[in-house]
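Chemist: Coordinates only, no sequence provided:
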């Protein structure tokens, strides 16, 4: 993770500090109180302002517990310097308590201070201005990123609903400086100024009224085709063969899809022109870039970005043993990264008023570095053009057994497919409604027959094998989203999933959860967790 940029040589003057005290609710992290400069800052600069304004700084109980533990001479910290720094933090806390300038937040049952900061800043950012004092670059970056979360939207006057978040640290010269380049909390927010939106109020295009283009000869490997400018392109090796067309290599960056006989219509052509007119340039989306013609100037296909990798279905949906065999270096961290990359790309589409429609494991390619490519983009739903395809396992109960080409899906429909896809990646290949006694998947979806437990809800015949262990090792927030989706019928958008899984990725890297793709036992819970939730 890149260290965030900081305003160069900018002293936080007293007037600026006064403004922060006046307008912001201030939180402190242990790392900030353990610096050499912290004594003078808190005693000489910050405390007088807090007293003057009758305000209190916020300290997480877990931060106090952390300092108290580190200050003990018999702990695992070996150097006197580190123990002394922890004691300094405790002394600063004592000073703030004495001056009635401190308020504790949370309890000793909280998991980690960093998680608490992110959760509280996310919760309160629409109601108040917030500030964090920390030396932790990753945490500062995470916190500042909450300023730009797309989930909060804008108010009726077009203004950002987030009140404002700041974070400060001491630089190498002992001066207070502001974090200014924090990445968005999920690290994947797209640049919305580049988003080109399609209309979301168009009427359904009746695909049954389409007319098939009549082409005498369908070009194949080695044949010449032409772009709209008349430039000749030689079709290379066949690299994909689907129901509607064949994909050929063209060069290092592009491929060409040529439609099969009776599969390309006038409406397909109009839709392609619409897509090419509004380019979506996300690196993970293989969007059409140009229409391709035969030598008689008949439209026969289109160019698109070349995808790399292997189908998600083949790479991850055949169970954990195959993942271990083919990707031995992969852990749960890589699975989460794949989810994050997919969610980021899908959110770009949703911001453009585009739905994938037929979201599943066969139209996403996954590389060994966790990068992804979404293909078959010509079937996406946009404006009045429906996506005519779908898979039962990814279809919500309210549109099961409906003909996909006769209606326009909603974002709520797609959010069900998103949850299903994320579930099948984190629980490799196992659909959320799989049960011990089997049953028709359509019936299980319709009945919301979700087998896995959450909170005090007991399991209901989850499938045999490692799946129960995998479920037990998921973080509570992720379980909650799954349970509320598949058991209670709620739907969560990409932003909510990104926030949950970015937190999961962070916790995995910190070692808070097992990173084994196939754990061999249930997660061990504390006595408090057992008594509270079970």
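Modeler: Nice, thanks for sending it over. None of these values were measured; they are calculated from a predicted model.
Chemist: For stretch 375-393, buried residues please.
Modeler: Of all the residues in stretch 375-393, those buried under the rule 16 or more other CB atoms under 10 Å are 375-387, 390, 393. Glycine gets a C-beta too; all of them are placed from N, C-alpha and C.
Chemist: which one among those gets closest to residue 204?
Modeler: Checking the buried residues of stretch 375-393 against residue 204 by CB to CB gives residue 384 as the nearest, at 5.4 Å.
Chemist: gap between that closest one and residue 205?
Modeler: Noted for residue 384: a distance of 4 Å to residue 205, by CB to CB, to the nearest Å.
Chemist: Give the residue spans of the stretch 51-200 of the chain that score low on pLDDT.
Modeler: Applying pLDDT under 70 to the stretch 51-200 of the chain picks out residues 74-79, 107-112, 148-161, 172-173, 181-196.
Chemist: tell me the helices in it, going along the chain?
Modeler: Under the criterion DSSP state H, counting those that start in this stretch, the stretch 51-200 of the chain carries helices at the ranges 61-70, 80-98, 113-124, 137-145.
Chemist: okay, these, which one's buried deepest?
Modeler: helix 137-145 (a mean of 23; mean count of other CB atoms under 10 Å).
Chemist: Run the chain-centre distance for that one.
Modeler: 16 Å (CA atoms, centre = their mean, to the nearest Å).
Chemist: Look at residue 534 and report its pLDDT.
Modeler: Per-residue pLDDT puts residue 534 at 50.
Chemist: bridging residues for residue 234?
Modeler: Counting by DSSP bridges, residue 234 forms beta bridges with residue 224.
Chemist: quick one, what contacts it?
Modeler: 222, 223, 224, 250 (CB atoms under 8 Å, 6 or more residues apart in numbering).
Chemist: Would you list the buried entries among those?
Modeler: The buried subset of the contacts of residue 234 - by 16+ other CB under 10 Å - is residue 250.
Chemist: ok, of the contacts of residue 234, which one's closest to residue 83?
Modeler: Nearest to residue 83 among the contacts of residue 234 is residue 250, at 64.3 Å by CB to CB.
Chemist: show me the contacts for the closest one.
Modeler: Neighbours of residue 250 in contact, by CB under 8 Å, 6+ apart: 233, 234, 235, 236, 256, 303, 306.
Chemist: one more time with 6 Å, if that's ok
Modeler: Neighbouring residues of residue 250 by CB atoms under 6 Å, 6 or more residues apart in numbering: 233, 256.
Chemist: Tell me the spacing between it and residue 136.
Modeler: 47 Å.
Chemist: about what we covered before: looking at the helices of the stretch 51-200 of the chain, which is nearest to residue 435?
Modeler: Nearest of the helices of the stretch 51-200 of the chain (CB to CB): helix 113-124, 33.0 Å.
Chemist: can you list the domain ranges for the protein.
Modeler: 14-185, 207-305, 310-533 (automatic domain parsing).
Chemist: How far does the second one stretch from one end to the other?
Modeler: This means domain 207-305. End-to-end distance of domain 207-305 (CA to CA, to the nearest Å): 26 Å.
Chemist: one step back: and the helices of the stretch 51-200 of the chain as TSV, adding distance to residue 228?
Modeler: Below are those laid out as TSV (distance: least, CB to CB, whole Å):
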stretch	distance to residue 228
helix 61-70	61
helix 80-98	66
helix 113-124	47
helix 137-145	41
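Chemist: looking at those, which is closest to residue 30?
Modeler: Taking those one by one with CB to CB, helix 61-70 is closest: 4.7 Å.
Chemist: I'd like to check the angle between that closest one and helix 80-98, please.
Modeler: Here helix 61-70 runs at an angle of 140 degrees relative to helix 80-98 (axes from the mean of the first three to the mean of the last three CA atoms, to 10 degrees).
Chemist: I'd like the distance from helix 61-70 to the chain centre, please.
Modeler: Put simply, helix 61-70 sits 31 Å off its chain's centre (CA atoms, centre = their mean).
Chemist: Check stretch 223-235 too.
Modeler: The answer for stretch 223-235 is 39 Å, by CA atoms, centre = their mean.
Chemist: buried ones in it?
Modeler: Result for stretch 223-235 [16+ other CB under 10 Å]: buried residues 225, 226, 227, 233, 235.
Chemist: Is it correct that the third one is in contact with residue 290?
Modeler: Yes: proximity of residue 227 to residue 290 meets the contact threshold set by CB atoms under 6 Å, at 5.0 Å.
Chemist: just to revisit the earlier point, now, which of the contacts of residue 234 sits nearest residue 127?
Modeler: Using CB to CB, the contacts of residue 234 come closest to residue 127 at residue 250, 53.3 Å.
Chemist: on that earlier part again, from the buried residues of stretch 375-393, which ones fall inside strands?
Modeler: Residues of the buried residues of stretch 375-393 located in strands (DSSP state E): 381, 382.
Chemist: Can you tell me which of the buried residues of stretch 375-393 is closest to residue 18?
Modeler: Nearest to residue 18, judged by CB to CB, of the buried residues of stretch 375-393 is residue 382 at 51.3 Å.
Chemist: Touching, that closest one and residue 356? I think so.
Modeler: No: here residue 382 lies out of contact with residue 356, judged by CB under 6 Å, at a distance of 10.2 Å.
Chemist: residue ranges of the helices in the stretch 401-534 of the chain, please?
Modeler: 411-426, 441-447, 467-472, 476-486, 494-510, 527-533.
Chemist: what angle separates the fifth one from helix 411-426?
Modeler: For helix 494-510 and helix 411-426, the angle between their directions (the same axes, to 10 degrees) works out to 20 degrees.
Chemist: buried sites along helix 494-510?
Modeler: 494-508.
Chemist: just stretch 447-463 next, same as before
Modeler: By 16+ other CB under 10 Å, the buried positions in stretch 447-463 come out as 449, 450, 451, 452, 453, 454, 462, 463.
Chemist: Pull the most distant pair out of those.
Modeler: 454 and 463 (16.6 Å).
Chemist: Report the beta-bridge partner residues of residue 133.
Modeler: residue 28, residue 168.
Chemist: Next, the contact list for it, please.
Modeler: Residue 133 neighbours (CB under 6 Å, 6+ apart): 28, 32, 168.
Chemist: again, 10 Å this time
Modeler: Each residue near residue 133 by CB atoms under 10 Å, 6 or more residues apart in numbering is listed here: 20, 26-29, 31-33, 35, 38, 41-42, 46, 57, 140, 166-170, 176.
Chemist: same check, this time on residue 99
Modeler: 42, 43, 47, 48, 50, 51, 56.
Chemist: Filter those residues down to the buried ones, PyMOL style.
Modeler: With 16+ other CB under 10 Å as the criterion, this PyMOL line picks the buried residues out of the contacts of residue 99:
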select buried, resi 42+47+50+56
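Chemist: Go through the contacts of residue 99 and flag which are in helices.
Modeler: Applying DSSP state H to the contacts of residue 99, the entries found in helices are 47, 48, 50, 51.
Chemist: can you put the residues you listed in a markdown table and add distance to residue 69?
Modeler: A markdown table is the format used below for the ones in helices among the contacts of residue 99 (distance: CB to CB, whole Å):
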| residue | distance to residue 69 |
| --- | --- |
| 47 | 25 |
| 48 | 31 |
| 50 | 27 |
| 51 | 30 |
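Chemist: can you tell me which of those lies nearest to residue 405?
Modeler: Nearest to residue 405 out of these is residue 50 (CB to CB; 64.1 Å).
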